[in-house]
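**Student:** predicted model and sequence below, questions to follow.
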Amino acid sequence: MVVRMPWTSGRSALAVSLVALPLMLVASCTQPKAPPPIANIPAPLPENIPLVEAPPPPPILINQSKGEDLWHLRSGLNVAVLLCQGADNAAMVAAYNRTLNVHKGLLASAAQTEVDLYRATGGKKWQDAYDDHMTKVYNAYSGTLTRDAFCPRAKTILDETSAATPERFSEQATVMLWELNKAAGLPDPDGKLRAAAAAVANPVTASAASTGRP
C-alpha cells in the first residue's frame, strides 16, 4: 500500500528549507574570526639594584665654632698617629709634623678659641673643665672599635692637611672632622644628637614662632 503525501505539505517543507538556507548563510558570514595567537616575545629581566640612600651632607659646624672643630680635628689626628702602628705610621708621623709646622698659626688660634670658651663659661674651675673636656675627646678616638676604617681615613686627611694652604685647611676642617668621626665610629658624627638636645633645651613655642618674638 502506497501512502501519498499531500502536495501542500511537500510544498510547505520546501518553503521552510528555502527560508532556513539564507539564515544559515547569514550566520556563517557574521561569525567572528578567531584572534591571532599572541607572540611570546622574551624580555630581559630588570637588574635587582638595591636602594641606596645618599649620605647626609656634613654639618656647617660640629662644635660651637670653626676653631673648636679645627682643634678637635688636630686632637683626633694626634691620636691616630699614636694609635695606628702599622706600615703607614712613619708616613703619618711625617704628615702630622708637617701639618703642625705649616699651620702653626692657625692651630694656635684654634687652641686659644677653645681655651677662651672655657674661661668664659667655666668660672674659677675653667681649667679643670677644659682638661676634662679634652680628655674625653682623646679617649673617644683612642677607644675606637673601627680602627681598620679610622687609620686609613686619618692618613688620607693628614696627607690633605699637610699639603693644604691655611685657608683651605680652615675651610675643610669641619668636613674632615666629620669624616674622621664617622671612621672612628663616634656616637654622634653628624651632630644630630647635639642638635636634638639643643632643641629640647630651647623649645620654640607656637606663639613665639608665629609672632617672630624669641
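**Tutor:** Okay, I see it.

**Student:** what about A129, which helix or strand?
**Tutor:** For A129, the element it lies in under DSSP states H and E is helix 126-142.

**Student:** go through that helix and flag the buried ones.
**Tutor:** Neighbour counts over helix 126-142 (16 or more other CB atoms under 10 Å) mark 126, 130, 137, 140-141 as buried. Glycine gets a C-beta too; all of them are placed from N, C-alpha and C.

**Student:** one more: stretch 149-169?
**Tutor:** For stretch 149-169, a neighbour-count test (16+ other CB under 10 Å) marks 150-151, 153-155, 157-158, 161-162, 164, 169 as buried.

**Student:** next SSE after the helix holding A129?
**Tutor:** Helices and strands here follow DSSP H and E; after helix 126-142, the next one along the chain is helix 147-163.

**Student:** show me the contacts for N78.
**Tutor:** N78 is in contact with 96, 138, counting by CB atoms under 8 Å, 6 or more residues apart in numbering.

**Student:** with the one 10 residues further on instead?
**Tutor:** D88 makes contact with 151-152, 155 under the criterion CB under 8 Å, 6+ apart.

**Student:** and those, which is closest to K66?
**Tutor:** K155 (23.6 Å; CB to CB).

**Student:** if I look at the closest one, how far off is A95?
**Tutor:** 7 Å (CB to CB, to the nearest Å).

**Student:** likewise for T156?
**Tutor:** Separation of T156 from A95 (CB to CB): 10 Å.

**Student:** same deal with Q127?
**Tutor:** 31 Å.

**Student:** kindly report the same for M134.
**Tutor:** Computed as CB to CB, the M134 to A95 distance reads 22 Å.

**Student:** and D159, by the same measure?
**Tutor:** Distance from D159 to A95, by CB to CB: 6 Å.

**Student:** repeat that for P59.
**Tutor:** 26 Å.

**Student:** quick one, which of the two is more surrounded?
**Tutor:** Neighbours per residue, other CB atoms under 10 Å: of P59 and A95, the larger number sits with A95, 23 against 18.
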